[in-house]
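[1] turn this into a model:
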Amino acid sequence: MDALRPGDPDRIGDYTTVARLGSGAMGSVYLARSPGGREVAVKLVRPELADDDDFRTRFRHEVAAMRAVGGFWTAAVVDADPDAAVPWLASEYVPGPTLHTAVATQGPLPEPEARALAAGLAEALRAIHAAGLIHRDLKPANVLLAPTGPRVIDFGIARTLDGPGLTATGLVVGTPPLPVPRTDPGRPADPRERHPRPGRRPGPRHHRRTPVRLRSRPRPPLPHSPRHSHSRPRP
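    Model prediction:
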């Protein structure tokens, strides 16, 4: 959590901003308070994205997806205005670091905590799939370690199980180097294509090395390859 910077908004909707929680390519997230004093996390998109109709559609989809899953396994939606001049989303403030931050600052999780985390994430994914969704960008940075268990956040590229996704044909989906293995357009999605069964892919648990090896030189950009998007993952 950081102090507000010059140029940060004092208010977003009815919420008074208090501090910065983070920022990314899509926008910034602020700790804010409602008129009644409730703490919320408000995602405010980058102003230059506000005129992009495709982005607004994606943002509305994210709001609907979070509402469909509910608050126990994600951060419950408190308020949102996807039609504002600059769209925003207010959700429950979850006090706790992301899994990425916890491992980066404190090292690998002890085995009992890692097992509890795996069990909690399995239940979270079942709830997400039961709501008819596939997250498609599950990664340590999108898992909050709340006192009551893990919360999965950032449904910006989630896909419904009974319809095509919102991404263009042939584009790589997800966060490199953990992209979605297969996103064939025009066919119902399968939860197994993004989330293998527990135990198949170890996360940043109690291992002595990171799950992704870092290169000494920058990795070239991933090609927007239809072959990559349609290829079947190896067992």
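
[2] find the residue closest to Met26 in space, skipping its chain neighbours.
    Spatial nearest neighbour of Met26, chain neighbours left out: Val45 (5.9 Å); criterion: CB to CB, 6 or more residues apart in numbering. Quick note: C-beta positions are derived from backbone N, CA and C, even for glycine.

[3] count of neighbours near that neighbour?
    21 (other CB atoms under 10 Å).

[4] which residues touch it?
    Neighbour list for Val45: Met26, Gly27, Phe55, Phe59, Val86, Pro87, Trp88 [criterion: CB atoms under 8 Å, 6 or more residues apart in numbering].

[5] now for those: which two are most distant?
    Based on CB to CB, the longest span within these runs between Phe55 and Trp88 and measures 13.2 Å.

[6] ok, the two, which is more surrounded?
    Between Phe55 and Trp88, Trp88 has the larger neighbour count (other CB under 10 Å), namely 22 against 19.

[7] look up which residues are beta-bridged to the more buried one.
    For Trp88, the beta-bridge partners under DSSP bridges are Leu44, Asp81.

[8] make sure it is actually in contact with Val63.
    No. Counting by CB atoms under 8 Å, Trp88 stays clear of Val63, with 10.0 Å between them.

[9] now for the two: what residues contact both?
    Ala80.

[10] what are the boundaries of the helices in this structure?
    Counting by DSSP state H, the chain has helices at residues 53-69, 99-106, 111-130, 226-230.

[11] of those helices, which is nearest Gly37?
    Closest to Gly37 of the helices of the chain is helix 53-69 (CB to CB; 22.9 Å).

[12] which parts of that closest one are buried?
    Neighbour-count burial for helix 53-69 flags Phe55, Arg56, Arg58, Phe59, His61, Glu62, Val63, Ala64, Ala65, Met66, Ala68, Val69 (criterion: 16 or more other CB atoms under 10 Å).

[13] who are the packing partners of that helix?
    When contacts are defined as 3 or more CB pairs under 8 Å, 6 or more residues apart in numbering; DSSP states H and E, helix 53-69 packs onto strand 77-81, strand 88-92, strand 133-134.

[14] how about residues contacting that helix?
    Contact partners of helix 53-69, identified using CB under 8 Å, 6+ apart, comprise 45, 49-50, 74-77, 80, 82-83, 87, 89, 91, 127-128, 131-133, 152, 154-158, 166.

[15] about what we covered before: looking at the helices and strands packed on helix 53-69, which has the lowest confidence?
    Lowest mean pLDDT of those: strand 133-134, a mean of 84.

[16] doesn't Ala118 make contact with Leu109?
    No. The pair Leu109 / Ala118 is not scored as a contact, 10.0 Å apart, by CB under 8 Å.

[17] okay, those two: which has more neighbours?
    Remark: of Leu109 and Ala118, Leu109 carries more neighbours, 21 against 17, as counted by other CB under 10 Å.
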